[in-house]
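J.: Below is the sequence, then the predicted model.
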Amino acid sequence: MKIVLISPSGIMYRKKDGIFPRALRYAPLTLTTLASLVPQELNAQITLIDEGVEHFDPNIEANLVGISAITGTSNRAYAIARHFRHRGIPVVMGGVHTTLMPQEAKLYADSVVTGLAYESWPRCLNDFNQGNLQPFYSQQPNISLEGLPFPRKDLLKKFSYLSNGSTQATFGCPYRCDFCAVVATQKSYLRRPAHEMIDEIRRIKSKFIVFVDPSPMEDRDYAMQLYREMIPLKKQWGGLSTVKAADDDELMDLVAKSGCKGLLLGFESVTQESANQINKRFNKVEIYKDVVRRLHDRGIAINGTFMFGMDSDTEDSFKQTVDFVNEAKIDLPRYAIYTPFPGTPIYQRLEKEGRILTKNWTLYDGQHVVYQPKCMTAERLREGHLWAWKNTYAVKSILNRISDVSGFPMIPFITNLGYRYYANRLKNFPDDIMVQLNTQWNDSLNHSSDLNLAKHQSTIGACG
Ligand code: SF4
C-alpha cells in the first residue's frame, strides 16, 4: 500500500514564493508521528510531503492520502483533497482545523480523524485496508501516552530543517485562554512518561532539542522530574513556557541547568485589562520585566509573543508594546493579530456580536484582521501591527535589545536579522493578495488534475 501524508502550507510560508526563500523551522512532528503509527502489517510505502519545504508532484502515486491542516492552511488542504479525490484516490483529513470543523472537512474528505491520532489513525488505516473506511474517527480524551513510537524523521526531506531535534512531552494545557485552538481541540492535559521522554531525547542525534509543547511546565512535579533527568544528557534545548511558570525561580534554575537556551513566552499584552479579557489573568503584567531579567541572568533568551486587537486595545497599544519590548530587551519579539479560530470561545462571542468580517480561512493565520476590532478600525489594526513589526526590527532596536547579551551575540543578531527580513516583507501579503495567490495556487493544482485526467482518459480512449 502506498500512503502519502501531506502538510499543506499557508501562502506566506510556502517554499520559494513565501516570505522566506527557505523554510526556517524544525522538523515537523505531525507527519512523522502519523508515519510512525502506520501498522507494520500493512507493509506500507510512506511518503511525507511538507509543502513548507517542497513542492509535490500532483501525479504522485498513492492508494491513500492523509492531510493534516490548521485553520490557515485548510483551504489549501481542501484543494489538495479535491485534486486527489478527482484522481480517484481516497483522502483522510486530520489536524487542528479538522478537529475544530469536522463536518466542514468531511465535505472534502472520505474520512475525518479528530483529536490526537495515536489510536484512531491506525484503526482508520486497518479499516481502509479491509475496505471498511468509516466517515469519522475520534480519539478518546484520556488516551494513554505510554509506549509511543519514535517519529519517522528519516522520511523527511534531508537538510530542509534548522533542527531535527523536535519532540513533545505534554499535550493540551490546563488554562483556557479564549483564543487558544490548542485547548479547543485537546481538553485534557496529558503527559508522556518522563523516562520514555528521556529515552527519546537520548535517541535524538541533534545536540539541540526543540520542545513543541504549548504549555509544558504546568504540572510542576512532572516538569521538575523531566528537567532533572535531562541534566546528564548534556543537551541544549528551547521550548515554551507561561510567564507564570517562568516566575518560579526553583523551576527556572532547573530549566537552565538542564540546558535550556531559549523560551517562548506568551506575554500577549502589556496591559492587565487585555490579559484579563482574553482569560489570561494568570499573566501578571507587573512582573514581566522582572521575569525577563531573571531569565536573562540564567542565560535564557526570550522569544516573546504579543497580540494586538483585543477589545480594550487602542491605537496606543502598538507603541506601548514596542516600548515595553525595547525596555525589557526581549531578544526576539513576535506580533500577532488576535485571531478568532473557529471552535474557540472568542469566535463564538464575535460571531454572536456580528463582528466576524470574513470566513475565508486563508486569512486566519494570526497576521491578518478577520474581525471588527472594538476600539479602532480594522485598517488601523492592520497598519499598527505592521508598524510594530517594522519598528521592532529596525537596526537600532535590534542593537538595543541584544546589547546586553552575554557571550557571543552573533546568534541573536542573526535570528533578529531573520525576523527583520520577515517584518519587511509582511506588507507584501495584504488580504486581497493572500486570497488571490491562494486561489491561483489551488487553481493550478486543479488544472493539473484536470489535465492529468484528460490525459488519462485519452489514454484509455486510445487503448480502448
Ligand atoms: S496558556 Fe497557552 S496553551 Fe494554555 S490556554 Fe493559554 S494560550 Fe493556550
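T.: Received, thanks.
J.: which regions of this structure lie under the pLDDT threshold?
T.: Along the chain, the parts satisfying pLDDT under 70 run over 16, 21-24, 405-409, 447-464.
J.: Identify the residue spatially nearest to the residue nearest to the spatial centre of it, adjacent ones excluded.
T.: What sits nearest the mean C-alpha location of the chain, by Cα atoms, centre = their mean, is residue 70, with 7.8 Å. In space, and not counting its chain neighbours, residue 70 is closest to residue 96: 4.9 Å by Cβ to Cβ, 6 or more residues apart in numbering. Placement of C-beta: from N, CA and C, glycine included.
J.: repeat for residue 146
T.: residue 193 (5.8 Å).
J.: and what of residue 292?
T.: The spatial neighbour of residue 292 that comes closest, neighbours along the chain excluded (Cβ to Cβ, 6+ apart), is residue 328 at 4.7 Å.
J.: in this protein, which spans are strands?
T.: Listed in chain order, the strands of the chain (DSSP state E) span 2-7, 45-50, 64-68, 91-94, 111-114, 136-138, 166-167, 170-171, 190-191, 208-211, 236-241, 260-268, 301-308, 332-337.
J.: Turn these into a markdown table, columns for mean neighbour count and distance to the ligand.
T.: Formatted as a markdown table, the strands of the chain follow (neighbours: other Cβ atoms under 10 Å; distance: least, Cβ to the nearest ligand atom, whole Å):
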| stretch | mean neighbour count | distance to the ligand |
| --- | --- | --- |
| strand 2-7 | 22 | 21 |
| strand 45-50 | 20 | 23 |
| strand 64-68 | 26 | 19 |
| strand 91-94 | 28 | 20 |
| strand 111-114 | 24 | 19 |
| strand 136-138 | 17 | 21 |
| strand 166-167 | 22 | 17 |
| strand 170-171 | 22 | 10 |
| strand 190-191 | 18 | 13 |
| strand 208-211 | 22 | 13 |
| strand 236-241 | 21 | 8 |
| strand 260-268 | 22 | 5 |
| strand 301-308 | 22 | 9 |
| strand 332-337 | 22 | 11 |
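J.: Of all the ones you listed, which one comes closest to residue 199?
T.: Closest to residue 199 of the strands of the chain, according to Cβ to Cβ: strand 166-167, at 10.9 Å.
J.: what residues does the closest one touch?
T.: Here strand 166-167 makes contact (Cβ atoms under 8 Å, 6 or more residues apart in numbering) with 26-29, 151, 197, 200-201, 204, 209-212.
J.: Throw together a PyMOL command that grabs the buried residues out of the residues you listed.
T.: Buried residues among these (16 or more other Cβ atoms under 10 Å), as a PyMOL selection:
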select buried, resi 26+27+28+29+151+197+200+201+204+209+210+211+212
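J.: Residue 306: which of the contacts of strand 166-167 is nearest?
T.: Among the contacts of strand 166-167, and counting by Cβ to Cβ, the member closest to residue 306 is residue 212, at 20.2 Å.
J.: nearest residue to that closest one other than its sequence neighbours?
T.: Nearest residue to residue 212, sequence neighbours excluded (Cβ to Cβ, 6+ apart): residue 168, at 5.1 Å.
J.: which residues touch that neighbour?
T.: 29, 192, 211, 212, 213.
J.: ok, of those residues, which one's closest to the ligand?
T.: Closest approach between the contacts of residue 168 and the ligand, by Cβ to the nearest ligand atom: residue 213, at 8.9 Å.
J.: Show me this protein divided up by domain.
T.: The chain breaks down into these domains under automatic domain parsing: 2-138, 163-428.
J.: and of the ones you listed, who's closest to residue 155?
T.: Going by Cβ to Cβ, the one of the domains of the chain nearest residue 155 is domain 2-138, 4.7 Å.
J.: start to end distance for that closest one?
T.: Taking Cα to Cα, to the nearest Å, domain 2-138 runs 23 Å from one end to the other.
J.: Tell me the residues on this protein that lie near the ligand, please.
T.: Applying Cβ under 6 Å from any ligand atom, we find that the chain lies next to the ligand at 173, 175, 176, 177, 180, 182, 183, 214, 215, 242, 266, 280.
J.: Using neighbour counts, give me the buried entries of the residues you listed.
T.: Looks like these have 173, 175, 177, 180, 182, 183, 214, 215, 242, 266, 280 buried, using 16+ other Cβ under 10 Å.
J.: Can you flag which of those belong to helices?
T.: If you go by DSSP state H, these have 182, 183 in helices.
J.: what sits against the residue lying closest to residue 186 once chain neighbours are set aside?
T.: Counting by Cβ to Cβ, 6+ apart, residue 172 is the residue found nearest to residue 186 once chain neighbours are left out, at 3.9 Å. Residue 172 is in contact with 182, 183, 186, 187, 188, 189, 190, 214, 215, counting by Cβ under 8 Å, 6+ apart.
J.: Test my guess that the third one contacts residue 117.
T.: By that I understand residue 186. No: using Cβ atoms under 8 Å, residue 186 is not in contact with residue 117; the gap is 11.8 Å.
J.: what residues does stretch 366-377 touch?
T.: 12, 72, 309, 311-315, 336-337, 339-340, 350, 355-358, 360, 363-364, 378, 380-382, 384-385, 426, 429, 431, 434.
J.: Actually, stretch 354-365.
T.: 10-12, 71-72, 74-76, 97, 339-342, 347, 350, 369-372, 378, 431, 434-435, 438.
J.: Please apply the same query to stretch 386-396.
T.: 306, 308, 318, 321-322, 325-326, 333, 335, 397, 416, 419-420, 422-424, 426-427.
J.: again, only using 10 Å
T.: Residues outside stretch 386-396 that contact it (Cβ atoms under 10 Å, 6 or more residues apart in numbering) are 306, 308, 317-319, 321-323, 325-326, 330, 332-335, 367, 380, 397-398, 400-401, 416-427, 430.
J.: just stretch 134-146 next, same as before
T.: For stretch 134-146, contacts defined as Cβ under 10 Å, 6+ apart pick out 92, 94, 99, 102-103, 105-106, 109-125, 127-128, 168-172, 186-188, 190-193, 196-197.
J.: Filter those residues down to just the ones in helices.
T.: With helices taken from DSSP H, the overlap with these comprises 99, 102-103, 105-106, 120-125, 127-128, 196-197.
J.: Hmm, residue 177 and residue 276 touching each other?
T.: No: Residue 276 lies out of contact with residue 177 (Cβ atoms under 10 Å); the separation is 11.2 Å.
J.: what touches both of those two?
T.: With Cβ under 10 Å, 6+ apart as the test, residue 276 and residue 177 both reach 282, 283.
J.: For the ligand, what's the nearest residue on the stretch 1-150 of the chain?
T.: In the stretch 1-150 of the chain, the residue that lies nearest the ligand is residue 96 (12.1 Å; Cβ to the nearest ligand atom).
J.: can you put the domains of the chain in JSON lines and add distance to residue 442?
T.: Output for these, formatted as JSON lines (distance: least, Cβ to Cβ, whole Å):
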{"stretch": "domain 2-138", "distance to residue 442": "4"}
{"stretch": "domain 163-428", "distance to residue 442": "10"}
